[in-house]
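> sequence below, structure please.
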Amino acid sequence: MEKKYFAESELIINEDGSIFHLHVKPEQLADKVILVGDPGRVDLVASHFDTKECAVESREFRTVTGTYKGKRITVISTGIGCDNIDIVMNEVDALANIDFETRHEKETLRSLEIVRIGTCGGLQLYTPAGTFVCSEYSIGFDGLLNFYAGRNAVCDLQMERALLNHLGWSGNMCQPAPYAIAADKELVERIAADDMVRGITVACGGFFGPQGRELRIPLTDPNQNEKLENFEYNGKHITNFEMESSALAGLARLMGHKATTVCMVIANRRIKKADTGYKSHIDDLIKEVLERL
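Numbering: from 1, shown residues only. I've put the predicted structure just below:
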């Protein structure tokens, strides 16, 4: 079978041999990858490295590759949102699995281990501020995975239908078409261990209205969050809101990588409490992930 050729307009490579947005070269990518939203958090993760071999910065994308206790790890900032995850995941996969000289897929494909470390809003009484949550499943309200072939084969279609019926969105063209995707089971077991909350994470296409926050513009469904809090599927509940986990889990599954998301709750939407001083505590989560990745 003839290998697919990736044209210059589809796979954009910079003059220095780096990928278009990240400005990272193939040899600079480790098999273990940590994603963070905030570019400033890259340095916090890398501060624990024993050695550093490269540091690259382009727009909101900052990358450092180094070693931690003998493990080679790359940490990349993605910025906010599933649209940025689409950029980072496709470019990371290209770095791993496309030959930049021939523009063909490599003979032997690399499977990466990818963990996103972020912050989130808790939706249950047992997820107060400071809780570490590992996403066993993610539900995407962003719609991104719906643009990729094979979406139905990797998603939990029954969970999607159950949620649509629960929210009353079935047949409503004005509402998003959610997709439900499981994180890699082995990676969840290793990262969450026995001291993190596990559950279903909803990834939203915005911070305010899509997450049920109402400022000056009224919401389409003021009861959305209450419905999400009460949703149950096979004994699992929706534990938290964030904005990236679904695209990460879905694209990783389609590409053949292992991925999950772990977040620290900084606001509990149910009890209306937030911790704006969370930055001093997220380093504890970073250290846990570095040990377990």
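
> all contacts plus neighbour counts: C-alpha atoms, from now on.
OK.

> show residues contacting the longest helix seen in the chain.
Across the chain, the longest stretch assigned as helix under DSSP state H is helix 82-97. Residues from elsewhere that reach helix 82-97, judged by Cα atoms under 8 Å, 6 or more residues apart in numbering: 19-22, 25-26, 29, 78, 105-106, 108-110, 142, 144, 205, 243-248, 251-252, 255.

> of the residues you listed, which belong to strands?
Residues of the contacts of helix 82-97 located in strands (DSSP state E): Glu105.

> following element in sequence after the longest helix of the chain, please.
Per DSSP states H and E, the first helix or strand lying C-terminal to helix 82-97 is strand 98-99.

> and that next one, what does it pack against?
Contacts defined by 3 or more Cα pairs under 8 Å, 6 or more residues apart in numbering; DSSP states H and E place strand 98-99 against strand 104-105.

> returning to what we had before: and the longest helix of the chain, what's its mean pLDDT?
The pLDDT scores in helix 82-97 average 97.

> just the strands from the chain, written as ranges.
Counting by DSSP E, the strands of the chain are 32-36, 51-58, 61-68, 71-77, 98-99, 104-105, 113-122, 132-140, 179-182, 197-203, 232-233, 236-242, 258-268, 273-274.

> would you turn these into JSON lines with distance to Ala153 and mean neighbour count?
Shown next, in JSON lines, are the strands of the chain (distance: least, Cα to Cα, whole Å; neighbours: other Cα atoms under 10 Å):
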{"stretch": "strand 32-36", "distance to Ala153": "25", "mean neighbour count": "23"}
{"stretch": "strand 51-58", "distance to Ala153": "35", "mean neighbour count": "14"}
{"stretch": "strand 61-68", "distance to Ala153": "31", "mean neighbour count": "22"}
{"stretch": "strand 71-77", "distance to Ala153": "29", "mean neighbour count": "24"}
{"stretch": "strand 98-99", "distance to Ala153": "24", "mean neighbour count": "19"}
{"stretch": "strand 104-105", "distance to Ala153": "22", "mean neighbour count": "17"}
{"stretch": "strand 113-122", "distance to Ala153": "21", "mean neighbour count": "25"}
{"stretch": "strand 132-140", "distance to Ala153": "15", "mean neighbour count": "28"}
{"stretch": "strand 179-182", "distance to Ala153": "10", "mean neighbour count": "27"}
{"stretch": "strand 197-203", "distance to Ala153": "19", "mean neighbour count": "25"}
{"stretch": "strand 232-233", "distance to Ala153": "19", "mean neighbour count": "14"}
{"stretch": "strand 236-242", "distance to Ala153": "21", "mean neighbour count": "24"}
{"stretch": "strand 258-268", "distance to Ala153": "16", "mean neighbour count": "27"}
{"stretch": "strand 273-274", "distance to Ala153": "38", "mean neighbour count": "16"}
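
> format those strands as CSV; extra columns: distance to Asp284.
CSV is the format used below for the strands of the chain (distance: least, Cα to Cα, whole Å):
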stretch, distance to Asp284
strand 32-36, 14
strand 51-58, 20
strand 61-68, 15
strand 71-77, 16
strand 98-99, 35
strand 104-105, 39
strand 113-122, 11
strand 132-140, 10
strand 179-182, 25
strand 197-203, 15
strand 232-233, 30
strand 236-242, 19
strand 258-268, 10
strand 273-274, 18
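
> for those strands, which one sits closest to Leu290?
Closest of the strands of the chain to Leu290 is strand 61-68, at 7.4 Å (criterion: Cα to Cα).

> in CSV, list the C-alpha atoms belonging to the closest one.
Output of strand 61-68 as CSV, limited to C-alpha atoms (Å, rounded to 0.1, in the frame of the first residue of the first chain):
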residue,chain,number,x,y,z
PHE,A,61,3.2,27.2,23.4
ARG,A,62,6.2,26.8,25.6
THR,A,63,8.1,23.5,25.6
VAL,A,64,10.8,22.1,27.9
THR,A,65,12.3,18.6,27.6
GLY,A,66,14.4,17.1,30.3
THR,A,67,14.8,14.2,32.7
TYR,A,68,13.2,13.4,36.0
